[in-house]
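1. Sequence and computational prediction follow.
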Amino acid sequence: MAKSKPIILSAMRPTGELHLGHYFSVLKNWVKLQNSYRCFYMIADLHALTTFENTAQIKNNGVKMAALWLAAGLDPKKSTIFVQSEIPEHSELAIILGMISPLSLLELNPTYKEMKEEHPKSNTLGLLAYPVLQAADILLYKAERVPIGKDQEPHLELARELARRFNRRFSPKGGTNGEIFKEPAALFEKTPKIMSLQNPAKKMSKSADENSYISLLDSPEKIRHKIKRAVTDSSREIKSSAQKPALSNLIALYRLASDKSVKEIEKKFKGLGYKEFKEELAEEIIGFLTPLQKRYQKLMENPAKIREILENGSKTAQKIAHQTLQEAKKAIGI
Ligand code: TRP
């Protein structure tokens with residue numbers, strides 16, 4: 001954890017279960033990044049309030065999600081794993097950044113536009129200000145890199161814009177070192193995109209029908225059932241191609257779960273059909289998830305230990321967040 005490592009911050013909302021898409025597209029990469037960056041990984045529970053109806057579950061979901069992160073390989077000795085709402089500095093900086101966030105910019109945000117259409121009841125100030133809070137998350141730690149998916153790009157763009165506006169307006173004059181906030185850059189890594197088992201045009205998502213995703217905690221029976229029902233393309237051959245997005249997605253899952261190359265997989269199933277392929281795919285996924293599930297269950301035998309990890313992470317994070325917020329307030333003059 002050398003001081004000189006560049007800082008990374010990323011987060012997930014604790015809205016429920018994690019699925020294979022989260023694992024292969026996000027978590028696996030987070031685990032890898034721990035070795036070359038100073039990483040902050042946050043449970044974005046305040047962000048979850050924008051759409052969360054059952055708030056009684058939020059805390060528990062956060063603990064479960066942290067256990068899944070740990071089971072997937074996040075290491076609290078290497079990374080700071082913490083809870084957003086345990087650090088009031090996030091909310092305070094969000095209020096301050098709100099003062100320099102033009103409404104017209106926030107209203108243009110594509111996620112906001114989509115969400116207010118989909119959930120008219122959630123069209124709140126909190127939803128509109130979602131990316132302002134996200135900017136606070138990032139700027140408090142002076143994160144240089146933010147590993148995110150393409151869908152989060154407009155949010156990061158706003159964080160950059162707010163850092164620039166704040167610096168221009170309030171940073172002490174004279175020299176570049178006087179800048180309070182660092183402009184964060186996205187870290188787009190080449191991680192695989194896992195699509196829905198029911199519709200290969202859509203990303204795997206837990207908000208869709210249960211058969212469209214495989215939860216990291218699904219039982220072997222469930223996994224067999226879901227793979228059996230996964231949509232395929234009209235052809236017999238097991239071959240990955242752009243014309244066959246559903247089959248290609250399943251082949252990608254096979255590759256990731258088994259560590260075999262696409263070529264090896266195609267060769268293995270030459271002359272065989274979907275039935276054999278799907279049966280073996282289910283077993284590969286089960287084989288892949290079983291050790292992760294065992295680690296998860298072991299961790300969940302002692303949830304107090306997970307809460308302790310989160311509390312320690314929040315303490316470490318708060319020291320930095322507090323210092324940055326003080327600098328920002330001083331620069332403003334309050
Ligand atoms: N908005 C992100 C998501 O929905 C979660 C998030 C909150 C986040 N704060 C962040 C991501 C800061 C990166 C950095 O996935």
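-> Looks like it came in fine. Numbering: from 1, shown residues only.
2. ranges for the helices of the stretch 1-150 of the chain?
-> Counting by DSSP state H, counting those that start in this stretch, the stretch 1-150 of the chain has helices at residues 20-22, 28-33, 45-48, 58-72, 89-98, 103-107, 110-118, 125-128, 130-140.
3. Please identify the residues of this structure in proximity to the ligand?
-> Applying CB under 6 Å from any ligand atom, we find that the chain lies next to the ligand at 9-13, 44, 47, 134, 137-138, 146, 148, 152. No exception for glycine: its C-beta is placed from N, CA and C like everyone else's.
4. Please identify the most buried of the helices of the stretch 1-150 of the chain.
-> Mean neighbours per residue, mean count of other CB atoms under 10 Å, is largest over the helices of the stretch 1-150 of the chain for helix 130-140, with a mean of 26.
5. which residues sit against that helix?
-> Applying CB atoms under 8 Å, 6 or more residues apart in numbering, the contact partners of helix 130-140 are 9, 11, 42, 44, 46-47, 50, 84, 89-91, 93-94, 97-98, 101, 106, 109, 111-112, 146, 154-156, 158-159, 162-163, 166, 181-182, 184, 320-321, 324-325.
6. cool, stretch 298-315 as well?
-> Contacts for stretch 298-315 (CB under 8 Å, 6+ apart): 43, 62-64, 66-67, 70-71, 76, 80-83, 86-87.
7. Locate the residue of this structure with the greatest distance from its centre.
-> Distance from the C-alpha centroid of the chain, by CA atoms, centre = their mean, peaks at G271 (39.2 Å).
8. Identify the residues contacting the closest residue to I87 other than its chain neighbours.
-> Leaving aside its chain neighbours, I87 sits nearest to Q318 (4.9 Å; criterion: CB to CB, 6 or more residues apart in numbering). If you count contacts by CB under 8 Å, 6+ apart, Q318 has them with E86, I87, E89.
9. Could you tell me the angle between the helix or strand encompassing K319 and helix 89-98?
-> Here K319 sits within helix 303-332, counting by DSSP states H and E. Orientation check (axes from the mean of the first three to the mean of the last three CA atoms, to 10 degrees): helix 303-332 against helix 89-98 gives 30 degrees.
10. Now do helix 303-332, average pLDDT.
-> Averaged over helix 303-332, pLDDT sits at 97.
11. May I ask you to confirm that E327 is in contact with I180?
-> Yes: assessed by CB atoms under 8 Å, E327 is found in contact with I180 at 5.3 Å.
12. Which one of those two is surrounded by more residues?
-> Neighbour comparison, E327 and I180: the larger count goes to I180, with 20 against 16 (by other CB atoms under 10 Å).
13. these two touch, right, that one and R165?
-> No: the criterion here is CB under 8 Å, and I180 misses it with R165 at 11.4 Å.
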